[in-house]
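1. Next input, structure requested:
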Amino acid sequence: MKIKHAFFGSLSFLATLSAQGVTLEELAARLEQLEKKVEKYEAQYGPLQNTPAPAAAPAPMSNVIPMPTPIQRPVLTPASAEDIDSAYLTPSTGGSGSWFERTSIGGYGELHLNQGDTEQIDFHRFVLFFNHSFSDRIKLFTELELEHSLAGDGKPGEVELEQAYVEFLLDNDWSIRAGQYLLPLGILNEVHEPETFYGVERNNVEKNIIPTTWWEGGVLVSKNYDSGFGFDLGVHSGLAVTTDLTSSSAFRIRSGRQKVAEADASDYAASFRARYSGVPGLSLTAFANYQNDIAPDSGEDNSALLLGGSAVYQNGGFGLRAMIAHWGIQGQSFEDNDADSQWGAYVEPSYRWAFGDQAVGIFGRYSHYEYSRGAMNARGGEFDEYTVGVNYWPISNVVLKADYTLIEQGGGEDNETFNFGVGYSF
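-> Numbers count the residues shown, from 1 in each chain. Now for the predicted structure:
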């Protein structure tokens, strides 16, 4: 209803009544009733207003799909006064741009096929990222993962929250993370999307010694310098390795990850990493992790220290990765079971050829690692591993992989597998 039409329509109606012999008092009473009806209508459906003439649609904003012209409907309650379109286009407090422009969704996944001494097919990981910028200086990062395709009682997989932290960007290249985050240790622990590394499976040194993927809850402070140096220092929750000899995971570092799930917080842990990337194509790190008590249920002093370093070099098509890491663990139970020293190292040269958007890369990797494998092999295991393979990227975010891996175990049987994989990230 238009105001002008309503107004002149009312005058016309009153004039007709006057011509029919209605007194002024009756006209005033009827006019008062009409005003009350208008007030009631506006209270229920909003103020009456003129409908503007149709206009040419404005040009769409960059990277924003224009919304169709909404159907005008009465607003029923104050709570619904801001409709969905308005919510999308209105900035929230503290940021520039609409909330959906400051929210990003991403993820990655990988399917593995193993043939040989191990024969299985497994959608190993399906991961989703949900990130949001509250402002230019305060950002949220999250990572939700489903492992092995199916989770539940008696199922092989797990649903895991790997990351959920708020990052505060400060002046002079300082930043602080608070929440649940991946520890700054090794090469793969923070960056492990399938197209970023060679080989179908993650290498066993970082898997069993670091142990990748490893996240904790706490605070991490980072600093970058113009010279290419930087460092990260975090205080966070720790590992809880079992020393129960009846457990298949006894003394195994990887089994101690609590994943911030009602985790024991009676003791603290800390991580430190120094970084250097001042030479083009070169990245060097030295890292450490200290556990005040790596086995809190053992009843003895089991402090532990991880020390390591990594190097990544890329010059044209040639690439090289190398890493070493060593755990020194205190406590008689670890010493008695030859688990007080657990370490590993690997070197991985590679070469990559690019053809427009496509690329092919070949690699070889030698690894040596020694770690505890549980009660049935309390003295642990010593392994030499040889891997050769190829990666093919049809585009930068999709990769097809194949490799051959031979694992020689000291005093045990060798293991040979052919591995095939497909992975993606977005």
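2. Pull the contacting residues for the residue nearest to residue 386 when sequence neighbours are not counted.
-> Closest residue to residue 386 apart from its sequence neighbours, by C-beta to C-beta, 6 or more residues apart in numbering: residue 406 at 4.8 Å. C-beta: built from backbone N, CA, C; applies to glycine. Neighbouring residues of residue 406 by C-beta atoms under 8 Å, 6 or more residues apart in numbering: 385, 386, 387, 414, 415, 416.
3. Quick check: bridge partners of residue 406?
-> residue 386, residue 416 (DSSP bridges).
4. From residue 203, how far out is it?
-> 14 Å (C-beta to C-beta, to the nearest Å).
5. Which neighbours do those two have in common?
-> 385, 387.
6. Look up the pLDDT of the residue nearest to residue 386 for me, please.
-> Here, the pLDDT recorded for residue 406 equals 97.
7. and it, how far is that from residue 419?
-> 12 Å.
8. Could you list which residues are in contact with the spatially most central residue of the chain?
-> The centroid of the chain falls nearest to residue 143 when counting by C-alpha atoms, centre = their mean (2.8 Å). By C-beta under 8 Å, 6+ apart, the contact set of residue 143 is 127, 128, 129, 161, 162, 163, 164.
9. Return the member of these nearest to residue 380.
-> residue 162 (27.7 Å; C-beta to C-beta).
10. My guess is the closest one contacts residue 141. True?
-> No - at 10.3 Å, residue 162 does not count as touching residue 141 under the criterion of C-beta atoms under 8 Å.
11. and the gap between the residue nearest to residue 386 and residue 235?
-> 41 Å.
12. go on, residue 131?
-> 24 Å.
13. Just the helices from the stretch 151-300 of the chain, written as ranges.
-> Secondary structure of the stretch 151-300 of the chain (DSSP state H, counting those that start in this stretch): helices at 204-208.
14. Next, count neighbours for residue 234.
-> 21 (other C-beta atoms under 10 Å).
15. Would you check that it makes contact with residue 271?
-> Yes - if you go by C-beta under 8 Å, residue 234 and residue 271 touch, sitting 4.7 Å apart.
16. list the residues that contact both of the two?
-> What both residue 234 and residue 271 touch, as defined by C-beta under 8 Å, 6+ apart, is the set 183, 184, 220.
17. Contacts only, for the first one.
-> Shown here is residue 183, whose contacts under the criterion C-beta under 8 Å, 6+ apart are 189, 190, 214, 215, 216, 234, 236, 271, 289.
18. Which one (most neighbours) among those residues?
-> Busiest of the contacts of residue 183 [other C-beta under 10 Å] is residue 289, holding 27 neighbours.
19. Is it bridged to anything, and to what?
-> Beta-bridge partners, per DSSP bridges, of residue 289: residue 271, residue 306.
20. show me where pLDDT drops low in the stretch 251-400 of the chain?
-> 374-379 (pLDDT under 70).
21. Which parts of the stretch 151-300 of the chain are strands?
-> 158-169, 174-182, 215-224, 229-236, 269-276, 282-291 (DSSP state E, counting those that start in this stretch).
22. Could you export the fifth one as CSV, CA atoms only?
-> These are the backbone C-alpha positions of strand 269-276, laid out as CSV (Å, rounded to 0.1, in the frame of the first residue of the first chain):
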residue,chain,number,x,y,z
ALA,A,269,55.7,-29.5,28.0
ALA,A,270,57.4,-26.9,25.8
SER,A,271,58.6,-26.7,22.2
PHE,A,272,61.1,-24.4,20.5
ARG,A,273,62.2,-24.0,16.9
ALA,A,274,64.7,-21.6,15.3
ARG,A,275,64.2,-21.0,11.6
TYR,A,276,66.4,-19.6,8.8
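23. Just want the angle from it to strand 282-291.
-> Here strand 269-276 runs at an angle of 170 degrees relative to strand 282-291 (axes from the mean of the first three to the mean of the last three C-alpha atoms, to 10 degrees).
24. now swap in the third one and tell me
-> Between the direction of strand 215-224 and that of strand 282-291, the angle (the same axes, to 10 degrees) works out to 130 degrees.
25. tell me the angle strand 215-224 makes with strand 158-169.
-> 30 degrees.
26. quick one: strands adjacent to strand 215-224?
-> strand 174-182 (antiparallel), strand 229-236 (antiparallel).
27. Reformat those as CSV; add mean pLDDT and distance to residue 357.
-> Output for the strands paired with strand 215-224, formatted as CSV (pLDDT from 0 to 100; distance: least, C-beta to C-beta, whole Å):
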stretch, mean pLDDT, distance to residue 357
strand 174-182, 98, 30
strand 229-236, 98, 32
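28. Can I get those strands in JSON lines including distance to residue 310?
-> As requested, these are exported to JSON lines (distance: least, C-beta to C-beta, whole Å):
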{"stretch": "strand 174-182", "distance to residue 310": "15"}
{"stretch": "strand 229-236", "distance to residue 310": "13"}
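29. which stretch among those comes nearest residue 373?
-> Of the strands paired with strand 215-224, nearest to residue 373 by C-beta to C-beta is strand 174-182, at 25.1 Å.
30. which residues are in contact with the closest one?
-> Strand 174-182 is contacted from outside by 141, 161-170, 189-190, 213-223, 234, 236, 260, using C-beta under 8 Å, 6+ apart.
31. which of those residues are buried?
-> Buried subset of those (neighbour count, 16 or more other C-beta atoms under 10 Å): 141, 162-165, 167, 189-190, 213-218, 220-222, 234, 236, 260.
32. So residue 217 is in contact with residue 237, correct?
-> Yes - here residue 217 reaches residue 237: they are 5.0 Å apart, a contact under C-beta under 8 Å.
33. which residues do those two both contact?
-> 260, 263.
34. Break this structure into its domains for me.
-> 1-51, 108-425 (automatic domain parsing).
35. Determine which stretch of these is the most buried.
-> domain 108-425 (a mean of 17; mean count of other C-beta atoms under 10 Å).
36. end-to-end on it?
-> 4 Å (C-alpha to C-alpha, to the nearest Å).
37. got it, and stretch 231-243?
-> 34 Å.
38. What are the boundaries of the helices in the stretch 301-426 of the chain?
-> Counting by DSSP H, counting those that start in this stretch, the helices of the stretch 301-426 of the chain are 332-336.
39. Just to check, residue 370 is in contact with residue 384?
-> No - with contacts defined as C-beta under 8 Å, residue 370 does not count as touching residue 384, sitting 10.3 Å away.
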